[in-house]
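Colleague: What would the 3D arrangement of this be:
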Amino acid sequence: ASALGHRASPPCPFVLLHDSLGSVDLWRDFPEALVQATGKPVVAYDRLGYGQSDPAQGLPPANFVAQEGQAGLKPVLDQLQLERAILLGHSVGGGMAVNAAVQMPERIAGVVTVAAQAFPEDRTLQAIAQAKLQFQDEAQLARLRRYHGDKARWVVDAWTESWLSPAFASWHVRDVLPQLKCPLLALHGEHDEYGTAVHPQVYSERAGGPSRMMLIPGAHHLPHREQPQAVAQWVQDFVQEHGL
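Modeller: Alright, predicted model coming up:
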C-alpha cells in the first residue's frame, strides 16, 4: 500500500481500488491531485496478484467483485487502523467499492466510482475480447511486466477469463446497489470504450442513498489520468456537498 498526505487530520481518508490491469503505480499523478484538491490523505493498495502484492493462487472466482471488500480491503483498513474511509474505485474497482460499502457500512463514509461497469455490456465484452488478442503480443505483455513483474500473464488472464466466462455473464451491480446508503458519485467518460453511459445511470439510479452521475466531456476509460485535476475537483465538490 502507498499513502499520501497526513493520516491524523482529517480523519476520513480516500482508499483507492484499482482496475483489472491496475496497481498503485498506475494511478500515476491522480493521488497527488486528490490530496491537493481535497486536503485528505489518500491510500492506494495492490490487490492480491497485482503490483507489489504476492501472487494469487488460481484465477478469481465468479464472485470476485463482491469478495474484495472482506478479502482485500478490510485487512488494509485494519492494518492502517482506518476506522472510516471514502472509497474511490476505477472500473471493476468501482463495483468492488460499492460491495465493500454495503458489507461494512459503519466504515465507509462515501463511494466514488470512475468508469465503473454495472454489468457485462456487449461493448465491455467486445473490448475485453479485443484486448485479450492484443496481449498475445509479447511486447504488449512486456509493458505490463513493468508494473506486475512475473505476475503479468496472470493479471491479463484474471481480467479476460473472468469477464468472458459464462459464469460471470449474470453479474449485475443492481443487485447490491439498493443496500448502499452512503453518498455515491458515479463519474464516467463520455467516450469510454469499455462501457456506455448506461453504467453510471445504473449506479446513480439504483443506489439506496444520495447519488448522482457525471459524464466527463472528452474523456475515455481513464478520466482520472486524462483529466486528473478536473476529476479531483469534482470529487472535492462531492465531499463538500455531503460533509465527508
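Colleague: For the rest of this, base every contact and every neighbour count on C-alpha atoms.
Modeller: OK.
Colleague: What segments of the protein are helices?
Modeller: Secondary structure of the chain (DSSP state H): helices at 30-38, 64-68, 74-79, 92-103, 122-134, 138-148, 152-163, 198-206, 223-226, 228-242.
Colleague: now these as CSV including distance to Phe14 and mean neighbour count?
Modeller: Formatted as CSV, these follow (distance: least, C-alpha to C-alpha, whole Å; neighbours: other C-alpha atoms under 10 Å):
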stretch, distance to Phe14, mean neighbour count
helix 30-38, 9, 20
helix 64-68, 17, 18
helix 74-79, 11, 14
helix 92-103, 11, 26
helix 122-134, 27, 15
helix 138-148, 22, 15
helix 152-163, 25, 19
helix 198-206, 19, 20
helix 223-226, 14, 20
helix 228-242, 10, 17
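Colleague: check contacts around Trp179.
Modeller: Let me fix one detail, which is that residue 179 is Gln and not Trp. Gln179 sits next to Val102, Ala207, Gly208 when contact means C-alpha atoms under 8 Å, 6 or more residues apart in numbering.
Colleague: Could you export these as JSON lines, including pLDDT?
Modeller: Below are these laid out as JSON lines (pLDDT from 0 to 100):
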{"residue": "Val102", "pLDDT": "99"}
{"residue": "Ala207", "pLDDT": "99"}
{"residue": "Gly208", "pLDDT": "98"}
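Colleague: Looking at those, which is nearest Ala142?
Modeller: Here the nearest of the contacts of Gln179 to Ala142, counting by C-alpha to C-alpha, is Val102; it sits at 37.2 Å.
Colleague: That closest one: what's its closest spatial neighbour, skipping adjacent residues?
Modeller: Closest residue to Val102 apart from its sequence neighbours, by C-alpha to C-alpha, 6 or more residues apart in numbering: Leu180 at 5.4 Å.
Colleague: That neighbour reaches Ser204, doesn't it?
Modeller: No. With contact defined as C-alpha atoms under 8 Å, Leu180 and Ser204 do not form a contacting pair (10.7 Å).
Colleague: Mind putting the contacts of Gln179 into TSV with distance to Val15?
Modeller: Compiled in TSV, these are given as follows (distance: C-alpha to C-alpha, whole Å):
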residue	distance to Val15
Val102	16
Ala207	20
Gly208	21
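Colleague: Listing request: residues of the chain with sub-threshold pLDDT.
Modeller: Residue ranges of the chain with pLDDT under 70: 1-11.
Colleague: State the distance from the residue nearest to Val102 to Asp25.
Modeller: Distance of Leu180 to Asp25, given as C-alpha to C-alpha, to the nearest Å: 29 Å.
Colleague: cool, Lys40 as well?
Modeller: Shown here: Lys40 relative to Asp25, a distance of 19 Å by C-alpha to C-alpha.
Colleague: who's more crowded, these two?
Modeller: Neighbour count, other C-alpha atoms under 10 Å: between Lys40 and Asp25, Lys40 has more, with 22 against 16.
Colleague: Apart from its chain neighbours, what residue comes closest to the more buried one?
Modeller: Counting by C-alpha to C-alpha, 6+ apart, the residue nearest Lys40 is Pro13, at 5.5 Å.
Colleague: Which residues are in contact with the one you found?
Modeller: Contacts of Pro13 by C-alpha under 8 Å, 6+ apart are Arg7, Lys40, Pro41, Val42, Val43, Arg84, Ala85, Ile86.
Colleague: which of those count as buried?
Modeller: When the contacts of Pro13 are checked for burial by 16 or more other C-alpha atoms under 10 Å, the buried set is Arg7, Lys40, Pro41, Val42, Val43, Arg84, Ala85, Ile86.
Colleague: Verify the stated contact: the fourth one with Cys12.
Modeller: So the one you mean is Val42. No. Counting by C-alpha under 8 Å, Val42 stays clear of Cys12, with 9.5 Å between them.
Colleague: Surely Gln229 touches Ala33?
Modeller: Yes. Using C-alpha under 8 Å, Gln229 is in contact with Ala33, at 5.7 Å.
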